[in-house]
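Enquirer: Model the structure of this input:
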Amino acid sequence: MASLAPGKPVRARMGWRGAAAIAWLALGMLGGASGQAQAPLRLARLENIPDQQVGAEILQAVYQRLGIPIEFVDLPAKRALLESSQGRVDGEVQRVLAVQTEYPSLIAVQPSINYIEPTAFVNRLDFPVDGWRSIAGYSIGIVRGVGSSERGTHGMARVEAVATMDQLMQMLAHNRIDVAVNDRFSGLLVNRRLRLAAALRPLSPALERVALYHFLHDRHRELVPRVGEAVQAMAASGELERLREEITARMIRQAAP
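Expert: Here you go, the predicted model:
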């Protein structure tokens with residue numbers, strides 16, 4: 001066997017194959033170190049919908065428990081479902097449970113993280129509220145595309161749909177409709193921002209309470225039970241409701257023009 005020449009550098013003695021092996025090993029170690037930073041989950045959040053901001057802040061607390069980073073992509077409602085159901089974003093901040101029937105690639109996390117309360121807002125009227133049928137005799141305004149309002153007023157004689165919550169409340173303020181149906185929290189926030197809080201008020205009780213669920217795309221199926229356990233723990237301790245109350249109160253307070 002040939003002996004190594006004395007005084008020759010170690011790299012030269014190893015030959016090019018050994019040097020290459022060390023180089024690949026070093027790159028692998030660097031790649032492993034950089035791979036430790038987890039890419040955030042990207043969740044569709046419906047733009048210009050106040051309760052979506054509430055759901056987003058709740059989810060920040062949920063995922064912080066799990067040590068998973070998240071970020072939000074603001075999209076129109078229909079576009080959001082297209083992006084999430086096809087996997088171009090990782091899920092939806094919150095939707096009604098029925099979404100999973102039409103979009104089977106989206107999986108609902110149980111239990112619900114938030115809720116909305118469709119409510120009858122009035123200007124000068126006052127009447128007892130007992131579910132959706134109690135507003136059927138009035139002229140009603142709703143926001144186009146809000147599923148709970150469209151379902152609740154289906155078949156009623158005088159229903160006008162508008163594009164935004166601002167338009168809805170301004171119509172009510174000008175007595176163009178008798179009743180504006182809006183989520184209670186969102187309606188209070190918009191009224192405060194538009195300086196209409198002194199004129200327009202919500203009637204109690206709410207017409208309905210609609211549970212909202214966080215959805216993840218099917219490729220994150222294994223994550224669904226972990227997120228659900230975190231939500232369940234927060235609900236059981238009362239943290240979920242306290243967090244919602246804090247967020248909604250702060251947002252209404254900050255909505256002053």
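
Enquirer: Report the separation between the residue nearest the centre of the chain and Leu125.
Expert: With distances taken as C-alpha atoms, centre = their mean, the residue of the chain nearest its centroid is Val93 (2.3 Å). With distances taken as C-beta to C-beta, to the nearest Å, Val93 is found 34 Å from Leu125. For glycine as for every other residue, the C-beta is placed from the backbone atoms N, C-alpha and C.

Enquirer: Ok, Leu172 next?
Expert: Look at Leu172 and Leu125: by C-beta to C-beta, they are 10 Å apart.

Enquirer: Where does the prediction get shaky in the stretch 1-150 of the chain?
Expert: Residues of the stretch 1-150 of the chain that meet the criterion pLDDT under 70 lie in 1-37.

Enquirer: And the strands in it?
Expert: In the stretch 1-150 of the chain, the segments counted as strands under DSSP state E, counting those that start in this stretch are 41-46, 70-75, 91-95, 106-108, 114-116, 118-122, 140-143.

Enquirer: ok, now how distant is Ile257 from Leu188?
Expert: Ile isn't right for residue 257; it's Pro. With the distance defined as C-beta to C-beta, Pro257 ends up 14 Å from Leu188.

Enquirer: Those two: who's more crowded?
Expert: When Pro257 and Leu188 are compared for neighbours, Leu188 comes out ahead with 22 against 6, by other C-beta atoms under 10 Å.

Enquirer: Tell me who's in contact with Ala233.
Expert: Applying C-beta atoms under 8 Å, 6 or more residues apart in numbering, we find Ala233 in contact with Arg65.

Enquirer: chain center to the host helix or strand of it, what's the gap?
Expert: Secondary structure here is read from DSSP states H and E; on that basis Ala233 sits in helix 224-237. With C-alpha atoms, centre = their mean, to the nearest Å as the basis, helix 224-237 stands 16 Å off its chain's centre.

Enquirer: got it, and stretch 246-257?
Expert: Between the centre of stretch 246-257 and the centre of its host chain there is 18 Å, according to C-alpha atoms, centre = their mean.
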